[in-house]
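[1] Turn this into a structure:
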Amino acid sequence: MTLVFTKCDKRKKKKNGGRRPEENVETFQSLIREYFEAAPPWIMTSSVTNQGRDEILLHMSQLRNYWLKH
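    Modelled structure (predicted):
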């Protein structure tokens, strides 16, 4: 399992209690740790800035190679 956080380029308005994407990821990971001994791998992405694109492609390639061997 891999967590993919999307729209990481978005910034919510502070007047609406908005938080930076990094803060949301940290909060989510702390919740996930309650259910897992180690947090699953995660990738932050944005289709606007292409953030995380290379990481996702590399991760998918590694998973594909793993499953081809097993």
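
[2] T6 reaches W42, doesn't it?
    No - using Cβ atoms under 8 Å, T6 is not in contact with W42; the gap is 11.5 Å. Where C-beta positions appear, they are placed from N, C-alpha and C, glycine not excepted.

[3] ok, the closest residue to P21 other than its chain neighbours - contacts?
    Spatial nearest neighbour of P21, chain neighbours left out: C8 (4.3 Å); criterion: Cβ to Cβ, 6 or more residues apart in numbering. Residues counted as contacts of C8 (Cβ atoms under 8 Å, 6 or more residues apart in numbering) are 21, 44-46, 51-52.

[4] how about these in a markdown table, adding secondary structure and neighbour count?
    Listed next are the contacts of C8 as a markdown table, based on DSSP: H, G, I helix; E, B strand; the rest coil; neighbours: other Cβ atoms under 10 Å:
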| residue | secondary structure | neighbour count |
| --- | --- | --- |
| P21 | helix | 18 |
| M44 | strand | 18 |
| T45 | coil | 18 |
| S46 | coil | 16 |
| Q51 | coil | 16 |
| G52 | coil | 19 |
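
[5] Make TSV out of those residues and add pLDDT and distance to T27.
    Shown next, in TSV, are the contacts of C8 (pLDDT from 0 to 100; distance: Cβ to Cβ, whole Å):
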residue	pLDDT	distance to T27
P21	82	11
M44	93	14
T45	95	18
S46	94	19
Q51	95	19
G52	96	19
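
[6] Can you pick out the residue with more neighbours from T6 and W42?
    Taking neighbours as other Cβ atoms under 10 Å, T6 and W42 compare with W42 leading, 16 against 13.
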